[in-house]
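Enquirer: got a predicted structure here, sequence first:
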Amino acid sequence: MKDESKLIRLFCNLLFCIFTFCFVFFYQADTLTIAQHIASNGQTHYVSWLGAILITLTLQLLQWAVNSLFKLKKRGYALTFFPSVLFLTIITDINPDTSNTITFGAWVWIAPLLLVIWGASMVYIKNYEPYEPALRGEGLGSQLFWVNNLIMLLMFCSMGLYSNSDSLFHKKAHIEALVRNKEYSEALKVIQKCGLSDSTTTMLTIYSLAHKGQLADKLFEYNLVGGKEVLRPGKVHSLLIQDSIIHKATKKSAQYQLVGFLLDKNLEKFAHYVRIYYPNDSLLPRYYKEAYNLKKIIDKRRKPVPPYKKGSYTKYYYEKL
């Protein structure tokens with residue numbers, strides 16, 4: 001029984017460490033990036049691999065401390081992981097509607113209540129453990145092994161259920177993290193693949209394309225929302241990138257000025273200013289040339305014949321009116 005108990009404890013600890021690291025590193029990394037950025041007011045940055053290691057080690061140390069207190073060896077051993085699981089669930093349950101503060105919501109009263117119930121249960125299990133009936137089987141096929149693993153499985157499922165599982169928030173957080181890390185190509189791939197269409201994502205799309213030098217050639221291939229208002233922070237804000245950084249990078253950009261006219265479908269002003277920056281037609285980028293020619297057609301009181309080519313400015317101009 002003693003050797004079997006050691007095997008169960010070893011397996012549970014190994015399972016917990018592997019699950020926690022994978023859960024934090026692969027699934028909740030961007031959520032924790034947002035959380036740390038908000039909590040530190042942008043003064044520190046979350047490093048995914050380091051954060052996953054530190055969180056896993058910290059929670060494992062917490063479990064060791066709990067087990068040193070209760071010293072369970074049989075059916076209830078897996079319950080010594082409960083405080084660690086609860087803590088990880090709370091720190092990964094970030095409200096997707098929160099932009100500048102971190103709130104714990106119902107956890108403020110639910111967590112203490114759960115810990116009280118858990119503590120009372122642990123005292124009962126500890127007192128009852130010497131009188132537990134003999135367990136069937138040995139090794140990895142024993143009743144002891146499967147009871148503890150069932151408890152671990154239920155806790156892991158609860159963690160996945162009650163932590164932040166909002167797929168939209170995860171995608172937006174991932175895009176924000178990529179842009180903050182200047183991985184513009186990867187950010188644009190994610191944006192195009194998931195087809196997000198909100199004002200903040202539009203702002204980051206424009207910002208990323210500008211850094212790639214593709215603003216006048218690729219912009220209207222993406223879902224765009226908000227018109228000129230989302231070019232820079234004002235009515236919308238990034239969670240990870242300071243407003244001042246975006247303003248500094250774009251306030252004197254001729255491309256931003258011209259794209260702003262296109263987003264607002266203001267072809268009169270666009271035609272006036274585009275000639276200042278591009279006096280020669282042969283130098284006009286893809287969308288500037290298309291928009292300039294579209295204005296000529298409109299001036300003749302004509303309209304291009306639909307259907308309009310996907311990713312064209314003409315499609316954006318007419319289908320979003």
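Expert: Now that the structure is in, tell me what you want to look at.
Enquirer: and the helix or strand hosting Leu168, how far out from the chain's middle?
Expert: Assigning secondary structure by DSSP states H and E places Leu168 in helix 167-180. Remark: helix 167-180 is offset 4 Å from the chain centroid, using CA atoms, centre = their mean, to the nearest Å.
Enquirer: send me the helix or strand just after it as CSV with only the CA atoms.
Expert: Later in the chain than helix 167-180, the nearest helix or strand by DSSP H and E is helix 184-194. Extracted in CSV, the C-alpha atoms of helix 184-194 (Å, rounded to 0.1, in the frame of the first residue of the first chain):
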residue,chain,number,x,y,z
TYR,A,184,2.6,42.2,-37.8
SER,A,185,2.6,39.5,-40.4
GLU,A,186,1.3,36.9,-37.9
ALA,A,187,-1.2,39.3,-36.5
LEU,A,188,-2.6,40.0,-40.0
LYS,A,189,-2.8,36.2,-40.7
VAL,A,190,-4.9,35.7,-37.6
ILE,A,191,-7.1,38.7,-38.4
GLN,A,192,-7.8,37.5,-41.9
LYS,A,193,-8.3,33.9,-40.8
CYS,A,194,-10.8,34.6,-38.0
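Enquirer: pull out the buried positions in helix 184-194.
Expert: Neighbour-count burial for helix 184-194 flags Tyr184, Glu186, Ala187, Leu188, Val190, Ile191, Cys194 (criterion: 16 or more other CB atoms under 10 Å). C-beta: built from backbone N, CA, C; applies to glycine.
Enquirer: same question for stretch 255-270.
Expert: Gln255, Tyr256, Gln257, Leu258, Val259, Gly260, Phe261, Leu262, Leu263, Lys265, Leu267, Phe270.
Enquirer: what is the nearest of the residues you listed to Gly105?
Expert: Nearest to Gly105 out of those is Leu263 (CB to CB; 36.8 Å).
Enquirer: which residues touch the closest one?
Expert: Leu224, Gly226, Gly227, Lys228, Val230, Leu231 (CB atoms under 8 Å, 6 or more residues apart in numbering).
Enquirer: export those residues as a markdown table, with columns for pLDDT.
Expert: Shown next, in a markdown table, are these (pLDDT from 0 to 100):
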| residue | pLDDT |
| --- | --- |
| Leu224 | 91 |
| Gly226 | 85 |
| Gly227 | 85 |
| Lys228 | 86 |
| Val230 | 90 |
| Leu231 | 91 |
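Enquirer: thinking again about what came up before, which helices and strands sit right next to the helix holding Leu168?
Expert: Here helix 167-180 touches helix 29-39, helix 184-194, helix 199-212, going by 3 or more CB pairs under 8 Å, 6 or more residues apart in numbering; DSSP states H and E.
Enquirer: among those helices, which comes closest to Ser48?
Expert: Of those, nearest to Ser48 by CB to CB is helix 29-39, at 4.1 Å.
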